[in-house]
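Undergrad: Give me a 3D structure for the following:
(chains A and B)
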2 protein chains.
Amino acid sequence: MRIAVIGLGLIGGSIARAVRERVGAQVAGFDRDTAVSEAALAAGVVDRACATAAEAVGSAQAAFLAVPVGALSPAVGAALEAAPGDCVVTDVGSTKRAIVAAHTDSRFVGGHPMAGSEHSGLRHARADMFDAATWYLTPTSATSPDLCERLRRLLEAIGARPRAIDPGDHDRLVATVSHLPHVIANVLVAQAVATLPPSELHGSATGPSFRDATRVAGAPSPIWTDIYLTNADLLEVALRETVARLEEFHGALLAADRSRIDEFVASAGAAHLRLVEGQP
Amino acid sequence: MRIAVIGLGLIGGSIARAVRERVGAQVAGFDRDTAVSEAALAAGVVDRACATAAEAVGSAQAAFLAVPVGALSPAVGAALEAAPGDCVVTDVGSTKRAIVAAHTDSRFVGGHPMAGSEHSGLRHARADMFDAATWYLTPTSATSPDLCERLRRLLEAIGARPRAIDPGDHDRLVATVSHLPHVIANVLVAQAVATLPPSELHGSATGPSFRDATRVAGAPSPIWTDIYLTNADLLEVALRETVARLEEFHGALLAADRSRIDEFVASAGAAHLRLVEGQP
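TA: Residues are numbered from 1 along each chain as shown, chains lettered A, B, ... in the order given. Sure thing, here's the model as predicted:
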């Protein structure tokens, strides 16, 4: 199978590694940073480092666009122009409404793997990045069922769990489980640095719960600014809801209302079991 | 060295394991749940399982009170009554102002290790729990310098990094780096369960960033309700500050103000490097 991967960062590099190692695919890669393309070739992440995205896509059966959300739409458009008629073209962007509305070509399927890490860049790419990870797909009535099915099988072959979802449902979901937690991680570290006594400001004051809660706070700003802006309306709803919940807790604390606080914590514990550990 | 550990849960059990394995101490343990005491003896976590806290403390040179904050003050009082005149008595409670104000005995030193896990109970106790962890101590002018020094050396011997801090500074610090992140983890899971489409509610929708951000959301409610209530005033300040920061971000998002969002994310990235990774 011939695969093109455009953008050889953490996610693109991991896709390339996974399809080479798990499917034995031939991978043509492109990154706008030539040094990254060359490093990918040298490290055996790709079989070919192409000079242009069009060259990488030109003979592919499946093409993955793994570029930042801010650069995504023109990249998808260019890939669709260059790709053969039977090539499925997909992306890995964190928001789906805008990109799906912009590209109604039957070969395009929007996608988003629920995977990643606080690290970015090719050197952190791993073939097992998508093991057991949900990989959302947003086919529409315009999408070729055959090409979508080819993509599904490919994703399953690299260990992921493809799931079809409406683009709007997807964006509402990631506003709550991804974009909001990223905003909050940023708020928590900024607040801690502004609040702590200077003597305790060198990592000494933070325990494991703070480190985990803020792990993604360093996520690269140009990428995330675009993610937030392309999902601004739904992220705003999620932020308003969070502020309301924090104020509800604050009210219980001001009233020293032990039973309301107990209930807040206990119901969150039940929600955690259900959502994170998958218990009914 | 003879050590008493009162309360053989995650933290008490880990202290017992650590002082036995790393210092070769003789450990007398007590837990109000007899089954836990017996399990601790059977698992070699303690040398003796005592029938009362007073018996465990009676011949100790250092006594650790590792009981929930809500039960702590009477437990410290009882331990000080039963302990020999040259025994240092300390606790591991998550808040320090109330307990330090309540016990002015020269043998008492308030303490709080910045360690733990989302799991609770003896079976998760580990001898390496405190490796490289800051362990705050709150000696006062009433505290015996010799006994405090004995405790410091003991904590260093089990791998921890003891640091003296004012009880008020401690409580302000943990409001920001521990209690607030716990509240927020609870808010995030409750909000996600209330918001997500039912089809995505079985762990499938959550990626690694959500799982880490909400890892502590299941922390046991009676314990945490007491922690929140004993630090309510400072936690309220932290909550107000968080809401203000969320609203500031919300304003930038409503205005689609790319440069303010960029700056928000970039400054959080810098704060993260400084606070979590210890860079200057």
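
Undergrad: where does the stretch 1-150 of chain A come near chain B, residue by residue?
TA: A:114-118, A:133-134 (C-beta under 8 Å from any C-beta of the partner chain). For every residue, glycine as well, the C-beta is placed using N, CA and C.

Undergrad: Just flag the most distant two among the residues you listed.
TA: Pairwise distances among those were taken by C-beta to C-beta; the largest, 19.1 Å, belongs to A:Glu118 and A:Thr134.

Undergrad: Start from the N-terminal end of the stretch 151-280 of chain A and give the strands.
TA: A:161-164 (DSSP state E, counting those that start in this stretch).

Undergrad: Low-confidence ranges, it, go.
TA: Low-confidence segments of the stretch 151-280 of chain A (pLDDT under 70): A:279-280.

Undergrad: Once you drop chain neighbours, what's closest to whichever residue of the stretch 1-150 of chain A sits closest to chain B?
TA: Nearest residue of the stretch 1-150 of chain A to chain B, counting by C-beta to the nearest C-beta: A:Met114, 3.7 Å away. Nearest residue to A:Met114, sequence neighbours excluded (C-beta to C-beta, 6 or more residues apart in numbering or on different chains): B:Gly207, at 3.7 Å.

Undergrad: give me phi/psi at the one you found?
TA: Dihedral pair for B:Gly207: phi -100, psi -170, per degrees, to the nearest 10.

Undergrad: Just give me the neighbour total for it.
TA: Neighbourhood size, B:Gly207 [other C-beta atoms under 10 Å in any protein chain shown]: 18.

Undergrad: thought it was touching A:Thr176?
TA: No - counting by C-beta atoms under 8 Å, B:Gly207 does not reach A:Thr176; the two are 11.9 Å apart.

Undergrad: How many neighbouring residues does the closest residue in space to A:Leu155 that isn't next to it in sequence have?
TA: Distance criterion C-beta to C-beta, 6+ apart; nearest residue to A:Leu155, sequence neighbours excluded, is A:Pro162 at 4.6 Å. Per other C-beta under 10 Å, the neighbour tally for A:Pro162 reads 19.

Undergrad: Bridged to A:Pro162, which residues?
TA: Counting by DSSP bridges, A:Pro162 is bridged to A:Trp135.

Undergrad: any idea how far it lies from chain B?
TA: Distance of A:Pro162 to chain B, computed by C-beta to the nearest C-beta, to the nearest Å: 11 Å.

Undergrad: so who does that residue touch?
TA: Residues in contact with A:Pro162 (C-beta atoms under 8 Å, 6 or more residues apart in numbering or on different chains) are A:135-137, A:151-152, A:155-156.

Undergrad: Would you mind listing which of those residues are buried?
TA: Listed as buried from the contacts of A:Pro162 are A:135-137, A:151-152, A:155; burial here means 16 or more other C-beta atoms under 10 Å in any protein chain shown.

Undergrad: which residues in the stretch 51-200 of chain A form helices?
TA: Using DSSP state H, counting those that start in this stretch, the helices found in the stretch 51-200 of chain A span residues A:53-57, A:69-82, A:97-102, A:145-157, A:167-174, A:180-195.

Undergrad: Can I get the third one as PDB, trimmed to CA atoms?
TA: Translated: helix A:97-102. Extracted in PDB, the C-alpha atoms of helix A:97-102 (Å, rounded to 0.1, in the frame of the first residue of the first chain):
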ATOM      1  CA  ARG A  97     -16.700  21.500  11.200                       C
ATOM      2  CA  ALA A  98     -14.700  24.000   9.200                       C
ATOM      3  CA  ILE A  99     -12.500  21.600   7.300                       C
ATOM      4  CA  VAL A 100     -15.500  19.300   6.500                       C
ATOM      5  CA  ALA A 101     -17.600  22.200   5.200                       C
ATOM      6  CA  ALA A 102     -14.700  23.500   3.100                       C
END
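
Undergrad: so A:Ser267 makes contact with B:Val187?
TA: No - using C-beta under 8 Å, A:Ser267 is not in contact with B:Val187, being 11.0 Å away.

Undergrad: Domain map for chain A?
TA: A:2-165, A:169-275 (automatic domain parsing).

Undergrad: Take the ones you listed and write them to a markdown table, including distance to B:Ala79.
TA: Compiled in a markdown table, the domains of chain A are given as follows (distance: least, C-beta to C-beta, whole Å):
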| stretch | distance to B:Ala79 |
| --- | --- |
| domain A:2-165 | 42 |
| domain A:169-275 | 25 |
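
Undergrad: returning to what we had before: what number of residues lie near the residue of the stretch 1-150 of chain A closest to chain B?
TA: A:Met114 has 24 nearby residues by other C-beta under 10 Å.

Undergrad: With A:Gly24 instead?
TA: Using other C-beta under 10 Å, A:Gly24 has 9 other residues around it.

Undergrad: same question, A:His112
TA: For A:His112, the count of nearby residues is 27 (other C-beta under 10 Å).

Undergrad: List the contacts of it.
TA: A:92-94, A:96, A:135-136, A:138, A:170, A:174.

Undergrad: rerun at 10 Å
TA: Residues near A:His112 by C-beta atoms under 10 Å, 6 or more residues apart in numbering or on different chains: A:11, A:90-96, A:99, A:134-138, A:165, A:167, A:170-171, A:173-174, A:178, B:207.

Undergrad: Can you verify my assumption that A:Arg2 contacts A:Gly29?
TA: No - with contact defined as C-beta atoms under 10 Å, A:Arg2 does not count as touching A:Gly29 (11.9 Å).

Undergrad: shared neighbours of these two, anything?
TA: Taking C-beta under 10 Å, 6+ apart as the criterion, A:Arg2 and A:Gly29 both touch A:47-48, A:56.

Undergrad: Return the member of those nearest to A:Val67.
TA: Nearest to A:Val67 among these is A:Ala56, at 12.3 Å by C-beta to C-beta.

Undergrad: so who does the closest one touch?
TA: Shown in contact with A:Ala56 (C-beta under 10 Å, 6+ apart): A:2-6, A:27-31, A:37, A:46, A:48-50, A:63, A:79, A:82-83.

Undergrad: one more time with 8 Å, if that's ok
TA: Residues near A:Ala56 by C-beta under 8 Å, 6+ apart: A:4-6, A:28-30, A:48, A:50, A:63.

Undergrad: Take those and keep only those in strands.
TA: With strands defined by DSSP state E, the entries of the contacts of A:Ala56 inside them are A:4-6, A:28-30, A:48, A:63.

Undergrad: can you list these in TSV and add neighbour count and pLDDT?
TA: Formatted as TSV, those follow (neighbours: other C-beta atoms under 10 Å in any protein chain shown; pLDDT from 0 to 100):
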residue	neighbour count	pLDDT
A:Ala4	31	98
A:Val5	34	98
A:Ile6	29	98
A:Ala28	24	98
A:Gly29	29	98
A:Phe30	28	98
A:Arg48	16	98
A:Ala63	28	98
